[in-house]
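1. From the sequence below, what's the structure:
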Amino acid sequence: MSLSGKTAIITGSNSGIGLGVATELARAGADVVLNSFTDSDEDHALAEKLGAEHGVTARYIQADMSKGDQCRALIEKAGACDILVNNAGIQYVAGIDAFPVEKWDAIIAINLSSSFHTTAAALPLMRKAGWGRVVNIASAHGLTASPFKSAYVAAKHGVVGLTKVTALETAEEPITANAICPGYVLTPLVEAQIPDTMKEYGMDRETVLREVMLTRQPSREMATVDQIGGTAVFLCSEAATQITGTTISVDGGWTAL
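-> Reported below is the predicted structural model:
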């Protein structure tokens, strides 16, 4: 399929899942807008490299997803938004009674509220263009829960709910809204944690993945960022025109338990 002529904005996309999604959308022909809270030469060079590799226009626009006005300004600066991928997110782990208030506020702002602000700004552009796709990167924790992750679980459940409302409000328009719910994904951040976990448990890489890190993922394999990206591309395709207001789990069977 081709997404030529479409503009995709992907929040939190200078690494990890966001960059994987942006890469697959660019591979399908979409012009892409990368984003993060930094504004370095490396960020802009990354966008230029991605555009050159896939023959599309790729830009980098800095915006802090913890700030609602900057979320909306990101969409305005892009000038067009046919595909919105809300991916930006952070994590913090602690018991509810010990959870720092500032961490709760930051996680809710970046993981949930940013998606509201970007969607609110993007829908008028999609309506004007006569076509749109909202793809929210939720989580297996948007469908189930784990202890010590109260803010993350609450935010991701909220993302799933926001996705459903967006879909209902656009149900009679050529706009869809869906959420991808990944389990464990092999990102550079996760990759960097593996050697320390191997050392801590005295296990080799394969054993520590299967017996420690992936105990809740029945496949005992991590998804890849390009698999998440491929799922996003599918949701933007004509085959997915009647798929809206739902979740697609890419979690190796996690939520089937």
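
2. Geometric centre of this structure: which residue is closest?
-> Closest residue to the average C-alpha location of the chain: N87 at 2.5 Å, with CA atoms, centre = their mean.

3. Wait, it touches I137, no?
-> Yes. Counting by CB atoms under 8 Å, I137 is a contact partner of N87 at 4.3 Å. Every residue, glycine included, has its C-beta placed from N, CA and C.

4. shared neighbours, these two?
-> Common neighbours of N87 and I137, counting by CB atoms under 8 Å, 6 or more residues apart in numbering, are 17-18, 21.

5. which residues of the stretch 151-257 of the chain fall in helices?
-> 188-201, 205-208, 225-235 (DSSP state H, counting those that start in this stretch).

6. how about CSV for these, with distance to V153, mean neighbour count and mean pLDDT added?
-> Putting these into CSV (distance: least, CB to CB, whole Å; neighbours: other CB atoms under 10 Å; pLDDT from 0 to 100) gives the following:
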stretch, distance to V153, mean neighbour count, mean pLDDT
helix 188-201, 19, 12, 94
helix 205-208, 25, 14, 96
helix 225-235, 19, 21, 98
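
7. want to throw those into JSON lines with distance to A30?
-> As requested, the helices of the stretch 151-257 of the chain are exported to JSON lines (distance: least, CB to CB, whole Å):
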{"stretch": "helix 188-201", "distance to A30": "23"}
{"stretch": "helix 205-208", "distance to A30": "35"}
{"stretch": "helix 225-235", "distance to A30": "9"}
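
8. how about those helices, which one is nearest S114?
-> Nearest to S114 among these is helix 225-235; the distance by CB to CB comes to 17.4 Å.

9. Confirm that N35 sits in a strand.
-> Yes. Counting by DSSP: H, G, I helix; E, B strand; the rest coil, N35 is part of a strand.

10. Quick one, grab the pLDDT at it.
-> With respect to pLDDT, N35 scores 98.

11. what's the spacing between it and A47?
-> Separation of N35 from A47 (CB to CB, to the nearest Å): 10 Å.

12. neighbour count winner among these two?
-> N35 (32 against 22; other CB atoms under 10 Å).

13. Surely that one is in contact with Q62?
-> Yes. In this structure, N35 is within contact of Q62 by CB under 8 Å, at 7.2 Å.

14. Which residue is the nearest non-sequential neighbour of G230?
-> E24 (5.6 Å; CB to CB, 6 or more residues apart in numbering).

15. T23 too?
-> Using CB to CB, 6+ apart, the closest residue to T23 is G229 (6.0 Å).

16. Also A121?
-> Closest to A121 by CB to CB, 6+ apart is I75, at 3.8 Å.

17. Neighbours of the residue nearest to C236 when sequence neighbours are not counted, how many?
-> Spatial nearest neighbour of C236, chain neighbours left out: R133 (4.7 Å); criterion: CB to CB, 6+ apart. Counted with other CB under 10 Å, the neighbours of R133 add up to 26.

18. before we move on, what about the one 4 residues further on?
-> Using other CB under 10 Å, I137 is surrounded by 28 other residues.

19. Who is it paired with across the strands?
-> I137 forms beta bridges with I180, as assigned by DSSP bridges.

20. Pretty sure I61 sits against N35.
-> Yes. If you go by CB under 8 Å, I61 and N35 touch, sitting 5.6 Å apart.

21. can you pull the contacts of the residue nearest to G230?
-> E24 neighbours (CB under 8 Å, 6+ apart): 226, 229-230, 232-233.

22. most distant residue from the middle of this protein?
-> G202 (33.0 Å).

23. give me phi/psi at that one?
-> phi 60, psi 40 (degrees, to the nearest 10).

24. per-residue confidence at it?
-> 97.

25. who touches it in this structure?
-> Neighbours of G202 in contact, by CB under 8 Å, 6+ apart: none.

26. how many other residues sit next to A154?
-> Using other CB under 10 Å, A154 is surrounded by 18 other residues.

27. That one touches I108, doesn't it?
-> Yes. Taking CB under 8 Å as the definition, A154 is a contact partner of I108 at 7.2 Å.
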